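[1] Return atomic coordinates for the entry below.
(one chain, ligands or ions: 1)
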Amino acid sequence: MQRLFYTTRLPEKVLAVILMLVLLPVFFSGCVKRDSAGQTSQVSIAVFIPGVMSGSPIYEMLAQGVQKAGGEQPQVEVQVVEAGYTQAEWEPKLTALAASGSYDLIVSSNPSLPALAQAVSAKFPDQKFLLLDGEISGNPAIYTMRYNQGEQAYIAGHIAALIAQEGKTSVGVSKKIGLIAGQEYPAMNTIMLPAYGEAARSIDPAFQVDFRVVGNWFDAGKGAELALDMIRNGSAVILCVAGGANEGAVQAASETGAKVIWFDTNGYGIRPGTVAGSAILRQDLAAYEQTRRFLDGTLPFGKAEIVGVKDGYVDFIEDDPDYIATVSSEIRAKQSELLRRIRSGELVLGD
Ligand code: RBF
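    Alright, predicted model coming up:
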């Protein structure tokens, strides 16, 4: 029995070692600082994606912005590393990138990244970080830029409530709007969810928010299931902040005649007639501009900046033909007026 055990287990072990040898260089391929001509490049930047890019426009915009800035200068090399959805693996993977010593800068985006970068920075103080969508100040190796998502969620809640109140969706006149999030996190629970509800109650104090959590950032089946239940319970409009799970919510809304509000990018084209609003972040611009500042030597490490509508980083897309075709001119005029009040400083919203 003992012999048999060894003869069957040994090939598995060999296989595991071979797999490791094959896969490790794939993950760390970004560590080789060479350009296409085989020359060592002068500046190497890693874009660390805490999740996967597909289905999460906030990450797609991050990579695009950094690549655009890097592409403008021949001596700059940009590597994109997707860390996957297992959040427990993010810190070891970030540590491995810093430990490689191969990157002049690690760029990332996520509210949980500042704490992880701070821990990595304690071990590798020379490693520089540029972090968007998160906040930490006082570490000379870390610069952060966070968006005013109080504004972004207020803008979304305002149009969601106007559409629900108008009563032209399959749900009829409704004083309930939904929000689907991938998971609960401080920026969601203390900024976005309250601002979304506050905006709806500015339309009518009777408005309620049905808040649901998928539990991950990819399960479209769960997204559809939650959205269907929310619509059955009277939500006429649902704000989607759930990454790849949004796809299921859009599908459910389109099948039942409800509407969704898209977050972070222009989503009207995803399902024309169903997507009735796009409250966006210009994360591609932020990633581009901050990477440029790093390359120019002017990125103020140690600082935490917060940007919003007035700075041009938070906005709502009003000129898309699908928005104009889907939303009545009365509601569009009211939404325009809200945006004017925020831009002019007449309405100041918390972040
Ligand atoms: N947003 C996404 O679109 N996709 C993701 O995979 C994703 N993962 C996240 C993981 C954590 C731990 C946290 C705190 C947030 C995540 N977000 C994700 C939300 C993202 O940071 C941002 O709040 C939303 O995109 C709204 O702008």
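
[2] Please make it C-alpha for all contacts and neighbour counts, starting now.
    Will do.

[3] what residues are up against the residue in the stretch 151-300 of the chain positioned nearest to the ligand?
    Closest approach between the stretch 151-300 of the chain and the ligand, counting by CA to the nearest ligand atom: residue 243, at 3.7 Å. Residue 243 sits next to 55, 56, 57, 182, 217, 218 when contact means CA atoms under 8 Å, 6 or more residues apart in numbering.

[4] repeat for residue 271
    Residue 271 touches 250, 254, counting by CA under 8 Å, 6+ apart.

[5] which phi and psi does it have?
    When read as degrees, to the nearest 10, the backbone of residue 271 gives phi -150, psi 80.

[6] Tell me the pLDDT of it.
    On the pLDDT scale, residue 271 is placed at 98.

[7] same question, residue 7
    What the model reports as pLDDT for residue 7 is 40.

[8] same check, this time on residue 19
    Residue 19 is given a pLDDT of 46.

[9] Near the ligand, list only the ones from the contacts of residue 243.
    56, 217 (CA under 6 Å from any ligand atom).

[10] Which of the contacts of residue 243 fall in strands?
    Residues from those lying in strands, with DSSP state E as the criterion: none.

[11] The contacts of residue 243 into JSON lines, with extra columns for neighbour count?
    Formatted as JSON lines, these follow (neighbours: other CA atoms under 10 Å):
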{"residue": "55", "neighbour count": "16"}
{"residue": "56", "neighbour count": "20"}
{"residue": "57", "neighbour count": "21"}
{"residue": "182", "neighbour count": "22"}
{"residue": "217", "neighbour count": "22"}
{"residue": "218", "neighbour count": "23"}
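
[12] Can you convert the contacts of residue 243 into a markdown table and add a column each for pLDDT and distance to residue 233?
    As requested, these are exported to a markdown table (pLDDT from 0 to 100; distance: CA to CA, whole Å):
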| residue | pLDDT | distance to residue 233 |
| --- | --- | --- |
| 55 | 91 | 27 |
| 56 | 95 | 27 |
| 57 | 94 | 29 |
| 182 | 98 | 20 |
| 217 | 97 | 23 |
| 218 | 97 | 24 |
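
[13] Now for the contacts of residue 243: which two are most distant?
    Farthest-apart pair in the contacts of residue 243 is 57 and 182; separation 13.9 Å (CA to CA).

[14] Got phi/psi on the closest residue to the ligand within the stretch 1-150 of the chain?
    As assessed by CA to the nearest ligand atom, the ligand sits closest to residue 56 within the stretch 1-150 of the chain, at 4.0 Å. In terms of degrees, to the nearest 10, the main-chain angles of residue 56 are phi -120, psi 90.

[15] cool, and the one 3 residues further on?
    Backbone geometry at residue 59, expressed as degrees, to the nearest 10, gives phi -80, psi -40.

[16] Determine the number of other residues adjacent to the residue lying closest to residue 141 once chain neighbours are set aside.
    Once flanking residues are discounted, residue 141 sits nearest to residue 128: 4.7 Å by CA to CA, 6 or more residues apart in numbering. Other residues near residue 128 come to 23 when the count uses other CA atoms under 10 Å.

[17] ok, residue 128 to residue 109 distance?
    14 Å (CA to CA, to the nearest Å).

[18] for residue 258, same thing?
    For residue 258 relative to residue 109 (CA to CA), the value is 31 Å.

[19] Which one's more surrounded, those two?
    Higher neighbour count among residue 258 and residue 109: residue 258, with 28 against 25, using other CA under 10 Å.

[20] Correct me if wrong: that one contacts residue 237.
    Yes: assessed by CA atoms under 8 Å, residue 258 is found in contact with residue 237 at 6.1 Å.

[21] show me the contacts for residue 277.
    Each residue near residue 277 by CA under 8 Å, 6+ apart is listed here: 156, 159, 160, 260, 261, 262, 267, 268, 316, 317, 323.

[22] Which one (most neighbours) among those?
    Of the contacts of residue 277, with other CA under 10 Å as the count, residue 260 tops at 32 neighbours.

[23] where's that residue, which helix or strand?
    strand 259-264 (DSSP states H and E).
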